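Peer 1: please work out how this folds:
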Amino acid sequence: MRSDETSPETMPVALRRAASLFGDEDFIVMPDRRISFSELDLASRNLAMQLLAMGVGKGTRVGIHLVTGPEWAVAFAAITRVGAVAMPFSTLYRPAELRTAMRVGDVALLVAAPTVLGKDNEAFLEETIEGLATSDAGGLRVIDVPFLRSVVLLGDSTRNWAVQASLTRAPHASSHIDEELLKAVEAEVSPADWLMVMFTSGTTAEPRAIIHSHGAAMRKTSPGADAALHAIFPGRVLMLMPFFWIGGIQEILSALQTGTTLLTLERLDARSALELGQREHATSVMGNSKALQTLFGDADLARAIPSIRPLPSRRWDGPASSKMDMPTALGMSETFGPWAAVPGFEYRVVDHESGQVLSQGEEGEFEVRGYGLMQGIYKHQREATFEPDGYFRTGDRGYLENGFVYFKGRIRDMIKTKGANVAPAEVEEVLNAQPGVRVSFVFGLPHERYGEEVVAAVVRDGKAPLNVDLLIADCRRELSSYKVPSTILELEPDEVPYLPSSKPDRRAIKHLIVARRDRQR
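Peer 2: Below you'll find the model as predicted:
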């Protein structure tokens, strides 16, 4: 059942509307379980009332540390339908990364599970949050994450610190939280309220916390936005992107508005994905192109899953430019996905240094503004984030020609690998903290399958040679797997080139790394 009605502008309206229109149709399907639209609405209402009983309300910062699946969607729906701010965290995070993100986000309550991807998540959380193991439920007072008061587990636990919640029952009557109060709370959620804060790698060691509102996110994922989301089309989308990434959240919100079914996995695996797609008759496959290439190689998915059908042409499809580049759709967390050729967005190309607007065909930095642009960056002043006329500098380099966008690369140092962003500064901070390392330099180098690979050069502090294997092990302990350098090369102190300003010449260092890596291959 489909509807062409005007899209809802808040999550509570979207959830109740989806339950009414699509009812028992599949919303999320996994190899071992599934949830319908009406089941999502009921489970999220149960959890929402429990959150209200815990003191969660409008604007409360609530973190989500769950794997992709129905439970993630229920937690996100429960948090946002009461006007609290959802803060999704990657399950790839190591303890230090999760601790930093929770501190940056001023998280007051964390929703998690006893196990994550088959591992003991309670022990992981105790390693992440100092003092958690000896705390009582709801009574956290932690210096590293000073606003955190409770950790809610969706499942059984024997830990004293765990506040246990259920998706199948409402709060006890003694809490005085019922459906009528929930409806009253939902009625006060407005399109202008914050929906979520998305954490992504920035140019510094700390993550950027991107703020999006209910109204903008719902409009951006509606069929009318035509933002190339698979879930705006009727069908069953094999969605191979984690829910905690912007692409996953886009598809969830779009499916809520259209009744599309999302077929997904907790952990990406080529065989499991193909089996699920075949069993559930997937009509399209959604995922980052580099991640899909890594997962499936050159396999013909349309042949492997016969139910796949062609999608309509995309707005940015067009001819090669006069420079023989092909047009593209650029997107980022700050714009809630694609912005190129998406109605409601304005964009221009400016000189990176002077800010002067460039003419058609001239290469510079893309700036963008529009309804789907973030509300701001958490803890960043507005004037430090946006240009005076409201444009946002994307850090992407390219040019415009005949109405199409042509991407040429990144201006900033950000590394794009396996569909994820990596801030060199974050990796350098980990390397520089290791014994024997004076300084490190991290870069992204072209990679046929990953887009880029993370490579580091380190300068030792002392005469003893560095143990590269130990450095990589340290990175694996502190960083998500996709951030760990594939190669670490050692530079002698006198090999480091410097600029006239006495700063290391990063461009020259990168050339050194490329030359040395190529000699070693």
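Peer 1: use CA for all of it now, contacts and neighbours both
Peer 2: OK.
Peer 1: so what's residue 356 up against?
Peer 2: residue 350 (CA atoms under 8 Å, 6 or more residues apart in numbering).
Peer 1: low-confidence ranges in the protein?
Peer 2: 1-6, 173-174, 202-205, 290, 499-502, 520-521 (pLDDT under 70).
Peer 1: most distant residue from the middle of it?
Peer 2: residue 463 (41.7 Å; CA atoms, centre = their mean).
Peer 1: can you give me the distance of it to residue 21?
Peer 2: 70 Å (CA to CA, to the nearest Å).
Peer 1: which residues of the stretch 201-350 of the chain fall in helices?
Peer 2: 214-220, 246-258, 270-279, 289-296, 301-304 (DSSP state H, counting those that start in this stretch).
Peer 1: I'd like the ones you listed written out as JSON lines, with mean neighbour count and distance to residue 384 added.
Peer 2: Output for the helices of the stretch 201-350 of the chain, formatted as JSON lines (neighbours: other CA atoms under 10 Å; distance: least, CA to CA, whole Å):
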{"stretch": "helix 214-220", "mean neighbour count": "24", "distance to residue 384": "22"}
{"stretch": "helix 246-258", "mean neighbour count": "24", "distance to residue 384": "23"}
{"stretch": "helix 270-279", "mean neighbour count": "17", "distance to residue 384": "43"}
{"stretch": "helix 289-296", "mean neighbour count": "17", "distance to residue 384": "32"}
{"stretch": "helix 301-304", "mean neighbour count": "13", "distance to residue 384": "44"}
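Peer 1: would you turn the ones you listed into JSON lines with distance to residue 450?
Peer 2: Output for the helices of the stretch 201-350 of the chain, formatted as JSON lines (distance: least, CA to CA, whole Å):
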{"stretch": "helix 214-220", "distance to residue 450": "28"}
{"stretch": "helix 246-258", "distance to residue 450": "18"}
{"stretch": "helix 270-279", "distance to residue 450": "16"}
{"stretch": "helix 289-296", "distance to residue 450": "6"}
{"stretch": "helix 301-304", "distance to residue 450": "19"}
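Peer 1: tell me which of those lies nearest to residue 118.
Peer 2: helix 270-279 (16.4 Å; CA to CA).
Peer 1: got the angle for that closest one vs helix 289-296?
Peer 2: 100 degrees (axes from the mean of the first three to the mean of the last three CA atoms, to 10 degrees).
Peer 1: what does helix 270-279 contact?
Peer 2: 30-31, 238, 240, 263-265, 295-296, 304-307.
Peer 1: re earlier: element containing the residue farthest from the centre of the chain, please.
Peer 2: Taking DSSP states H and E as the definition, residue 463 sits outside all helices and strands.
Peer 1: verify the stated contact: residue 478 with residue 100.
Peer 2: No. Look at residue 478 against residue 100 with CA atoms under 8 Å: they stay out of range, at 11.5 Å.
Peer 1: re the thing from before, residue 333 is nearest to which of the helices of the stretch 201-350 of the chain?
Peer 2: helix 246-258 (6.0 Å).
Peer 1: distance from the chain centre to the closest one, please.
Peer 2: 13 Å (CA atoms, centre = their mean, to the nearest Å).
Peer 1: what residues of the strand or helix carrying residue 195 count as buried?
Peer 2: For residue 195, the host element (DSSP H and E) is strand 194-200. Neighbour-count burial for strand 194-200 flags 194, 195, 196, 197, 198, 199, 200 (criterion: 16 or more other CA atoms under 10 Å).
Peer 1: and stretch 86-95, by the same measure?
Peer 2: 86, 87, 88, 89, 90, 91, 93, 94, 95.
Peer 1: distance check, residue 414 against residue 481.
Peer 2: If you go by CA to CA, the gap between residue 414 and residue 481 works out to 17 Å.
Peer 1: surely residue 72 is within a helix?
Peer 2: Yes. Using DSSP: H, G, I helix; E, B strand; the rest coil, the assignment for residue 72 is a helix.
Peer 1: look at it and say how many residues are nearby.
Peer 2: Using other CA atoms under 10 Å, residue 72 has 20 other residues around it.
Peer 1: could you measure residue 191 against residue 359, distance?
Peer 2: Taking CA to CA, one finds residue 191 at 36 Å from residue 359.
Peer 1: if you count what's nearby, which of these two comes out ahead?
Peer 2: residue 191 (18 against 14).
Peer 1: ends of stretch 188-200, what's the gap?
Peer 2: Terminal-residue distance, stretch 188-200 (CA to CA): 29 Å.
Peer 1: chain center to it, what's the gap?
Peer 2: The answer for stretch 188-200 is 15 Å, by CA atoms, centre = their mean.
Peer 1: again, but for stretch 514-521
Peer 2: 33 Å.
Peer 1: and stretch 492-507, by the same measure?
Peer 2: Distance, centroid of stretch 492-507 to centroid of chain: 35 Å (CA atoms, centre = their mean).
Peer 1: and for stretch 222-233?
Peer 2: Centre-to-centre, stretch 222-233 and its host chain are 19 Å apart (CA atoms, centre = their mean).
Peer 1: residues in contact with that stretch: which ones?
Peer 2: 7, 219-221, 237, 250-252, 254-255, 257-258, 260-262, 284-286, 314, 337-339, 342-343.
Peer 1: what comes up buried for it?
Peer 2: Buried residues in stretch 222-233 (16+ other CA under 10 Å): 222, 223, 225, 226, 227, 228, 229, 230, 231, 232, 233.
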